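**Q** Here's a sequence, model it:
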Amino acid sequence: MNGELFQICRLTAAAKKVLAEGGAFHFAPGKYANHIEFHFLPTNPLSAEEYEIAHNSADWFAKCMQQDLVDVKMMIPLKSENRKILGFANTSRASILTFLKNGEVHYWVARWEFDSKLRVWNIVYKEAVWQDAPQGRPGFEDNTREFLEVLEQIAQFAHQIGAGNFEKIFLEAAAILKKEQEAKVKSDLPIPENYQHIFDAAARADVFGAMGSWNDDPAYMAHTKGLEEEYNRLSDELLKQMRMAILYAVNQW
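**A** Coordinates of the predicted model:
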């Protein structure tokens, strides 16, 4: 899974856990993150500063609580105009929504910059107010049946075009979703256990990267067999159902 999206999922889940259960906020940005900070809009509209900065995730959450945070959710579009770029940073268009007691909805978008000398990432999240936000909070449905259906279809398609390694990935994701096997690499999201297999299946099924991904050779293999239209249809549906599963597993508890 794209690291940018995975981090937003983890931040959201960590915040939701504290809101639901109390206790301390726990989040580690990971070994590939050198620096992470959060830019809040200034509380004083006459301030000369554009942002107030929290220099770590614990301070971010504490300041969100000072704003009277009542809920947090992550959002991500269900489709992409260009699947080929999804393996790169700053392409997922994912965001974190923070819902405040006064009815305001704020959203957070991250910018990742790579430090080529240290070989790590510097990440900045910026806050904005969602003007004219819809009433209520978004809800998400369990799409396990639809997700499983596309996984089985695209596994069969991968076999048809000779992409056996991807066939195995899709079948493994389906087995995780059906609870027939556990993920080889489990995510560390603090979400309830009955949601964990859904997220793990989605993480395993995320094959939309750059070189060596489902966007690479399989696209050409499908083209040479005259199956480009079916490749695009199944790829779009996989992306949609995978992201719907992520939204459900991270948000709907």
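
**Q** Quick check: Val150 vs Pro77, distance?
**A** Separation of Val150 from Pro77 (CB to CB, to the nearest Å) stands at 17 Å. Quick note: C-beta positions are derived from backbone N, CA and C, even for glycine.

**Q** ok, these two, which is more surrounded?
**A** Looking at Val150 and Pro77 with other CB atoms under 10 Å, you find the greater number of neighbours at Val150, namely 24 against 13.

**Q** On the three-state scheme, the more buried one is what?
**A** Secondary structure, DSSP: H, G, I helix; E, B strand; the rest coil: Val150 is helix.

**Q** quick one, what contacts it?
**A** The neighbours of Val150, taking CB atoms under 8 Å, 6 or more residues apart in numbering as the test, are 234, 237-238, 241.

**Q** low-scoring stretches of the stretch 1-150 of the chain, by residue?
**A** Within the stretch 1-150 of the chain, the stretches with pLDDT under 70 are 45-48.

**Q** So which residues of it form helices?
**A** 3-21, 57-66, 144-161 (DSSP state H, counting those that start in this stretch).

**Q** what's the first one packed up against?
**A** Under the contact criterion of 3 or more CB pairs under 8 Å, 6 or more residues apart in numbering; DSSP states H and E, helix 3-21 touches helix 57-66, strand 69-75, strand 95-100, strand 105-115, helix 228-251.

**Q** can you give me the angle that helix makes with strand 95-100?
**A** Relative orientation of helix 3-21 versus strand 95-100 (axes from the mean of the first three to the mean of the last three CA atoms, to 10 degrees): 20 degrees.
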